[in-house]
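K.L.:
coords please:
(one chain, ligands or ions: 1)
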Amino acid sequence: MEEILTISNLTKSYGNKEILKGIDLHASRGEIIGYIGPNGAGKSTTVKIILGLEGDYGGDIRLFGESIKENQLAYKRRIGYVPEIADVYDNLTGYEYLTFIGQLYGLDLDVAADKSKSLMELFGVGEAYHARISSYSKGMRQKLLIIASLLHNPDILFLDEPINGLDANSVMIFKEILTQLAAQGKTIFYSSHIMDVVEKISSRIILLYDGKIAADGTFAELQAENTEGTLERIFNQLTGFHEHQEIGEKFVSIVQEVR
Ligand SMILES: Nc1ncnc2c1ncn2[C@@H]1O[C@H](COP(=O)(O)OP(=O)(O)OP(=O)(O)O)[C@@H](O)[C@H]1O
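P.N.:
Residues are numbered from 1 along each chain as shown. Down below sits the predicted model:
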(Lines give C-alpha, C1' and ligand atoms only; values in the text may rest on other atoms or scores of the structure.)
Protein backbone atom coordinates (compact mmCIF):
# COMPACT_ATOMS: atom_id res chain seq x y z
CA MET A 1 0.00 0.00 0.00
CA GLU A 2 1.20 3.50 -0.82
CA GLU A 3 2.53 5.12 2.32
CA ILE A 4 1.16 8.66 2.75
CA LEU A 5 2.36 9.58 6.23
CA THR A 6 5.44 8.25 8.01
CA ILE A 7 6.47 9.49 11.44
CA SER A 8 9.80 8.32 12.84
CA ASN A 9 10.99 8.84 16.40
CA LEU A 10 8.94 12.00 16.94
CA THR A 11 9.75 13.81 20.17
CA LYS A 12 8.26 17.01 21.55
CA SER A 13 8.62 18.80 24.87
CA TYR A 14 7.00 21.87 26.32
CA GLY A 15 9.56 23.33 28.73
CA ASN A 16 10.91 20.35 30.64
CA LYS A 17 7.72 18.35 30.14
CA GLU A 18 8.27 15.58 27.60
CA ILE A 19 5.00 15.06 25.72
CA LEU A 20 6.03 12.80 22.83
CA LYS A 21 8.84 10.41 23.75
CA GLY A 22 9.71 9.04 20.33
CA ILE A 23 6.71 7.88 18.37
CA ASP A 24 6.67 5.92 15.13
CA LEU A 25 3.58 5.56 13.03
CA HIS A 26 2.50 5.40 9.44
CA ALA A 27 -0.67 5.78 7.42
CA SER A 28 -1.35 4.48 3.94
CA ARG A 29 -3.66 5.52 1.14
CA GLY A 30 -7.28 4.71 1.89
CA GLU A 31 -6.78 4.07 5.60
CA ILE A 32 -8.89 5.52 8.39
CA ILE A 33 -6.61 5.74 11.41
CA GLY A 34 -8.33 6.14 14.77
CA TYR A 35 -5.86 8.09 16.92
CA ILE A 36 -6.80 7.75 20.58
CA GLY A 37 -5.29 8.36 24.01
CA PRO A 38 -6.07 9.92 27.39
CA ASN A 39 -6.63 13.68 27.81
CA GLY A 40 -3.32 15.48 27.48
CA ALA A 41 -1.56 12.51 25.86
CA GLY A 42 -0.36 14.58 22.91
CA LYS A 43 -2.78 13.71 20.10
CA SER A 44 -3.48 17.31 19.07
CA THR A 45 0.21 18.10 19.48
CA THR A 46 1.07 15.33 16.99
CA VAL A 47 -1.43 16.67 14.47
CA LYS A 48 -0.28 20.28 14.93
CA ILE A 49 3.32 19.25 14.27
CA ILE A 50 2.31 17.45 11.06
CA LEU A 51 0.34 20.52 9.96
CA GLY A 52 3.34 22.75 10.56
CA LEU A 53 1.55 24.64 13.35
CA GLU A 54 4.06 23.49 16.00
CA GLY A 55 7.80 23.55 15.39
CA ASP A 56 10.69 22.64 17.60
CA TYR A 57 10.32 18.87 17.55
CA GLY A 58 12.69 15.95 17.13
CA GLY A 59 12.47 13.13 14.62
CA ASP A 60 11.28 12.97 11.06
CA ILE A 61 7.89 13.36 9.37
CA ARG A 62 7.31 12.43 5.78
CA LEU A 63 4.08 13.28 4.02
CA PHE A 64 3.43 12.19 0.43
CA GLY A 65 6.98 10.88 0.28
CA GLU A 66 8.73 14.11 1.26
CA SER A 67 9.97 15.54 4.52
CA ILE A 68 7.54 18.20 5.74
CA LYS A 69 10.48 20.51 6.26
CA GLU A 70 10.68 20.88 2.49
CA ASN A 71 8.19 22.49 0.16
CA GLN A 72 5.68 23.37 2.86
CA LEU A 73 3.15 25.08 0.61
CA ALA A 74 2.79 22.14 -1.77
CA TYR A 75 2.04 19.61 0.94
CA LYS A 76 -0.33 21.89 2.86
CA ARG A 77 -2.58 22.21 -0.17
CA ARG A 78 -3.24 18.49 0.01
CA ILE A 79 -4.30 18.52 3.68
CA GLY A 80 -7.74 19.07 5.19
CA TYR A 81 -8.09 19.84 8.89
CA VAL A 82 -11.04 19.97 11.26
CA PRO A 83 -9.76 21.50 14.51
CA GLU A 84 -11.27 20.61 17.86
CA ILE A 85 -12.22 24.18 18.70
CA ALA A 86 -14.59 25.86 16.27
CA ASP A 87 -12.69 29.07 15.78
CA VAL A 88 -14.70 30.49 12.92
CA TYR A 89 -15.23 34.08 11.97
CA ASP A 90 -18.53 34.91 13.66
CA ASN A 91 -19.25 38.04 11.67
CA LEU A 92 -19.02 36.32 8.31
CA THR A 93 -21.86 34.41 6.68
CA GLY A 94 -21.43 30.73 5.78
CA TYR A 95 -21.08 31.78 2.14
CA GLU A 96 -18.39 34.36 2.96
CA TYR A 97 -16.42 32.01 5.18
CA LEU A 98 -16.48 29.02 2.84
CA THR A 99 -15.69 30.97 -0.32
CA PHE A 100 -12.84 32.70 1.53
CA ILE A 101 -11.38 29.33 2.57
CA GLY A 102 -11.98 27.86 -0.90
CA GLN A 103 -10.15 30.74 -2.55
CA LEU A 104 -7.26 30.43 -0.08
CA TYR A 105 -6.88 26.90 -1.43
CA GLY A 106 -6.87 28.19 -5.00
CA LEU A 107 -10.48 27.59 -6.07
CA ASP A 108 -12.28 30.18 -8.23
CA LEU A 109 -14.98 32.10 -6.38
CA ASP A 110 -17.77 30.57 -8.51
CA VAL A 111 -16.52 27.04 -7.98
CA ALA A 112 -16.07 27.59 -4.24
CA ALA A 113 -19.55 29.12 -3.96
CA ASP A 114 -21.23 26.33 -5.93
CA LYS A 115 -19.51 23.58 -4.01
CA SER A 116 -20.16 25.24 -0.65
CA LYS A 117 -23.84 25.75 -1.33
CA SER A 118 -24.38 22.17 -2.49
CA LEU A 119 -22.48 20.72 0.48
CA MET A 120 -24.37 22.93 2.97
CA GLU A 121 -27.67 21.79 1.43
CA LEU A 122 -26.67 18.12 1.59
CA PHE A 123 -25.75 18.53 5.24
CA GLY A 124 -29.18 20.05 5.96
CA VAL A 125 -27.95 23.60 6.63
CA GLY A 126 -28.56 25.16 3.22
CA GLU A 127 -30.98 27.72 4.60
CA ALA A 128 -28.21 29.16 6.79
CA TYR A 129 -25.82 29.69 3.88
CA HIS A 130 -26.28 33.47 3.89
CA ALA A 131 -26.81 33.83 7.65
CA ARG A 132 -24.06 35.03 9.95
CA ILE A 133 -22.07 32.30 11.66
CA SER A 134 -22.80 33.97 15.03
CA SER A 135 -26.39 32.77 14.61
CA TYR A 136 -25.39 29.13 13.95
CA SER A 137 -25.95 26.36 16.50
CA LYS A 138 -23.00 24.23 17.66
CA GLY A 139 -23.76 21.45 15.20
CA MET A 140 -24.19 23.92 12.31
CA ARG A 141 -20.74 25.36 13.06
CA GLN A 142 -19.28 21.88 13.10
CA LYS A 143 -20.80 21.14 9.69
CA LEU A 144 -19.29 24.37 8.39
CA LEU A 145 -15.84 23.29 9.63
CA ILE A 146 -16.22 19.88 8.04
CA ILE A 147 -17.22 21.41 4.69
CA ALA A 148 -14.38 23.96 4.89
CA SER A 149 -11.87 21.13 5.39
CA LEU A 150 -13.04 19.31 2.27
CA LEU A 151 -13.66 22.05 -0.31
CA HIS A 152 -10.25 21.61 -1.95
CA ASN A 153 -10.57 17.81 -2.14
CA PRO A 154 -7.57 17.04 0.10
CA ASP A 155 -5.67 13.74 -0.01
CA ILE A 156 -5.26 13.48 3.75
CA LEU A 157 -7.72 14.64 6.35
CA PHE A 158 -6.98 15.34 10.02
CA LEU A 159 -10.08 15.30 12.16
CA ASP A 160 -10.12 16.31 15.83
CA GLU A 161 -13.42 15.33 17.50
CA PRO A 162 -15.24 16.01 14.21
CA ILE A 163 -18.70 14.86 15.27
CA ASN A 164 -18.91 17.19 18.27
CA GLY A 165 -22.41 18.61 18.28
CA LEU A 166 -23.69 16.64 15.28
CA ASP A 167 -27.11 15.01 15.67
CA ALA A 168 -27.54 11.25 15.15
CA ASN A 169 -28.64 11.56 11.51
CA SER A 170 -25.75 13.87 10.67
CA VAL A 171 -23.30 11.47 12.34
CA MET A 172 -24.57 8.73 10.02
CA ILE A 173 -24.07 10.96 6.99
CA PHE A 174 -20.60 11.92 8.18
CA LYS A 175 -19.53 8.32 8.77
CA GLU A 176 -20.71 7.50 5.25
CA ILE A 177 -18.73 10.45 3.88
CA LEU A 178 -15.58 9.12 5.59
CA THR A 179 -16.13 5.61 4.26
CA GLN A 180 -16.60 6.99 0.74
CA LEU A 181 -13.55 9.26 0.97
CA ALA A 182 -11.39 6.34 2.14
CA ALA A 183 -12.73 4.21 -0.71
CA GLN A 184 -11.59 6.98 -3.08
CA GLY A 185 -8.07 6.62 -1.68
CA LYS A 186 -8.07 9.47 0.82
CA THR A 187 -6.25 8.94 4.11
CA ILE A 188 -8.08 9.92 7.28
CA PHE A 189 -6.53 10.57 10.66
CA TYR A 190 -9.35 10.53 13.18
CA SER A 191 -8.77 11.73 16.76
CA SER A 192 -11.60 11.21 19.18
CA HIS A 193 -12.70 10.03 22.60
CA ILE A 194 -15.94 8.55 21.31
CA MET A 195 -14.76 4.96 21.41
CA ASP A 196 -17.71 3.23 19.77
CA VAL A 197 -17.42 5.45 16.68
CA VAL A 198 -13.63 5.00 16.50
CA GLU A 199 -14.11 1.26 16.87
CA LYS A 200 -16.55 1.13 13.97
CA ILE A 201 -15.01 3.47 11.42
CA SER A 202 -11.26 2.89 11.84
CA SER A 203 -9.37 0.49 9.64
CA ARG A 204 -6.55 0.77 12.18
CA ILE A 205 -6.40 2.14 15.72
CA ILE A 206 -3.36 3.78 17.29
CA LEU A 207 -3.26 4.44 21.04
CA LEU A 208 -0.94 7.10 22.40
CA TYR A 209 -0.15 6.66 26.07
CA ASP A 210 2.61 8.14 28.22
CA GLY A 211 4.31 9.71 25.21
CA LYS A 212 4.57 6.45 23.29
CA ILE A 213 2.50 4.33 20.93
CA ALA A 214 0.98 1.73 23.23
CA ALA A 215 -1.01 -0.11 20.57
CA ASP A 216 -1.29 -0.09 16.78
CA GLY A 217 -3.53 -2.49 14.89
CA THR A 218 -6.99 -3.29 13.62
CA PHE A 219 -9.74 -3.53 16.23
CA ALA A 220 -9.66 -7.33 15.87
CA GLU A 221 -5.90 -7.36 16.44
CA LEU A 222 -6.21 -5.17 19.54
CA GLN A 223 -8.90 -7.49 20.87
CA ALA A 224 -6.70 -10.52 20.28
CA GLU A 225 -3.71 -8.89 22.02
CA ASN A 226 -5.67 -7.45 24.91
CA THR A 227 -9.14 -7.98 26.23
CA GLU A 228 -12.11 -9.14 24.21
CA GLY A 229 -14.96 -6.66 24.15
CA THR A 230 -15.31 -3.01 23.30
CA LEU A 231 -12.60 -0.50 22.43
CA GLU A 232 -13.53 1.29 25.66
CA ARG A 233 -12.44 -1.79 27.64
CA ILE A 234 -9.24 -2.15 25.63
CA PHE A 235 -8.54 1.53 26.34
CA ASN A 236 -9.08 0.93 30.09
CA GLN A 237 -6.75 -2.03 30.03
CA LEU A 238 -3.95 -0.42 28.03
CA THR A 239 -4.00 2.72 30.14
CA GLY A 240 -4.18 0.67 33.36
CA PHE A 241 -7.41 2.30 34.48
CA HIS A 242 -9.97 0.45 36.58
CA GLU A 243 -11.09 2.97 39.19
CA HIS A 244 -14.05 4.62 37.50
CA GLN A 245 -16.56 3.33 40.04
CA GLU A 246 -14.49 4.30 43.06
CA ILE A 247 -13.78 7.78 41.68
CA GLY A 248 -17.42 8.29 40.73
CA GLU A 249 -18.59 7.32 44.23
CA LYS A 250 -16.08 9.62 45.94
CA PHE A 251 -17.05 12.46 43.61
CA VAL A 252 -20.74 12.15 44.46
CA SER A 253 -20.05 11.81 48.18
CA ILE A 254 -18.12 15.11 48.14
CA VAL A 255 -20.92 16.75 46.15
CA GLN A 256 -23.37 15.58 48.82
CA GLU A 257 -21.25 16.52 51.86
CA VAL A 258 -23.09 18.65 54.40
CA ARG A 259 -20.75 20.96 56.29
N1 LIG B 1 1.42 25.45 23.82
C2 LIG B 1 1.61 24.63 24.86
N3 LIG B 1 2.41 25.00 25.89
C4 LIG B 1 2.63 24.15 26.93
N5 LIG B 1 2.07 22.95 27.05
C6 LIG B 1 1.27 22.53 26.07
C7 LIG B 1 0.98 23.35 24.92
N8 LIG B 1 0.14 22.67 24.10
C9 LIG B 1 -0.10 21.49 24.71
N10 LIG B 1 0.57 21.41 25.88
C11 LIG B 1 0.59 20.26 26.81
O12 LIG B 1 0.88 19.11 26.07
C13 LIG B 1 0.12 18.01 26.50
C14 LIG B 1 -0.57 17.37 25.31
O15 LIG B 1 -1.61 18.21 24.86
P16 LIG B 1 -2.53 17.80 23.61
O17 LIG B 1 -3.48 18.93 23.40
O18 LIG B 1 -1.68 17.38 22.48
O19 LIG B 1 -3.27 16.52 24.20
P20 LIG B 1 -4.44 15.67 23.58
O21 LIG B 1 -3.98 14.25 23.57
O22 LIG B 1 -4.90 16.23 22.28
O23 LIG B 1 -5.53 15.85 24.71
P24 LIG B 1 -7.16 15.92 24.69
O25 LIG B 1 -7.60 14.51 24.53
O26 LIG B 1 -7.48 16.42 26.07
O27 LIG B 1 -7.57 16.84 23.61
C28 LIG B 1 -0.78 18.52 27.62
O29 LIG B 1 -0.18 18.21 28.84
C30 LIG B 1 -0.80 20.01 27.41
O31 LIG B 1 -0.91 20.67 28.64
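K.L.:
Please count neighbours and contacts with C-alpha atoms only from this point.
P.N.:
Will do.
K.L.:
How about the contacts made by Ser202?
P.N.:
Under the criterion of Cα atoms under 8 Å, 6 or more residues apart in numbering, the contact list for Ser202 reads Glu31, Ile32, Ile33, Gly34, Tyr190, Thr218, Phe219.
K.L.:
do that again at 10 Å, thanks
P.N.:
Contact partners of Ser202, counting by Cα atoms under 10 Å, 6 or more residues apart in numbering, are 31-35, 178-179, 188-190, 217-219.
K.L.:
Please flag which of those sit within helices.
P.N.:
Within the contacts of Ser202, residues falling in helices by DSSP state H are Leu178, Thr179, Phe219.
K.L.:
Could you single out the nearest of the residues you listed to Gly58?
P.N.:
Phe219 (29.7 Å; Cα to Cα).
K.L.:
Quick one: residues contacting that closest one.
P.N.:
With Cα under 10 Å, 6+ apart as the criterion, the residues that contact Phe219 are 34, 198-206, 225, 229-231, 234.
K.L.:
Check what pLDDT the nearest residue in space to Met140 that is not next to it in sequence gets.
P.N.:
Using Cα to Cα, 6 or more residues apart in numbering and skipping residues adjacent in sequence, the residue nearest Met140 is Val125, 6.8 Å away. The pLDDT attached to Val125 in the predicted structure is 96.
K.L.:
if I read this right, Val125 contacts Ile147, doesn't it?
P.N.:
No: contact status for Val125 versus Ile147: not in contact, 11.1 Å apart, counting by Cα atoms under 10 Å.
K.L.:
any common contacting residues for these two?
P.N.:
Here Val125 and Ile147 share the contacting residues Lys117, Leu119, Arg141, scored by Cα under 10 Å, 6+ apart.
K.L.:
need the contact list for the residue nearest to Met140.
P.N.:
Here Val125 is in contact with Gly94, Lys117, Ser118, Leu119, Tyr136, Gly139, Met140, Arg141, Lys143, Leu144 (Cα under 10 Å, 6+ apart).
K.L.:
How about the first one: what's its closest non-neighbour residue?
P.N.:
Okay, so that is Gly94. Among residues not flanking Gly94 along the chain, Tyr129 sits closest, at 4.9 Å (Cα to Cα, 6+ apart).
K.L.:
ok, that neighbour - how many residues close by?
P.N.:
Using other Cα atoms under 10 Å, the number of residues around Tyr129 comes to 20.
K.L.:
picking that back up, can you add secondary structure and give the contacts of Val125 back as JSON lines?
P.N.:
Formatted as JSON lines, these follow (DSSP: H, G, I helix; E, B strand; the rest coil):
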{"residue": "Gly94", "secondary structure": "helix"}
{"residue": "Lys117", "secondary structure": "helix"}
{"residue": "Ser118", "secondary structure": "helix"}
{"residue": "Leu119", "secondary structure": "helix"}
{"residue": "Tyr136", "secondary structure": "coil"}
{"residue": "Gly139", "secondary structure": "helix"}
{"residue": "Met140", "secondary structure": "helix"}
{"residue": "Arg141", "secondary structure": "helix"}
{"residue": "Lys143", "secondary structure": "helix"}
{"residue": "Leu144", "secondary structure": "helix"}
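K.L.:
about what we covered before: among the contacts of Phe219, name the ones in strands.
P.N.:
Gly34, Arg204, Ile205, Ile206 (DSSP state E).
K.L.:
For the nearest residue to the second one once chain neighbours are set aside, give me its contacts.
P.N.:
Closest residue in space to Arg204, ignoring its immediate chain neighbours: Thr218 at 4.3 Å, by Cα to Cα, 6+ apart. When contacts are counted by Cα under 10 Å, 6+ apart, Thr218 touches Ile33, Gly34, Glu199, Ser202, Ser203, Arg204, Ile205, Ile206, Ala224.
K.L.:
Among these, which one lies nearest to Gly102?
P.N.:
Nearest to Gly102 among the contacts of Thr218 is Ile33, at 25.9 Å by Cα to Cα.
K.L.:
Kindly state the pLDDT recorded for the closest one?
P.N.:
In this prediction, Ile33 carries a pLDDT score of 97.
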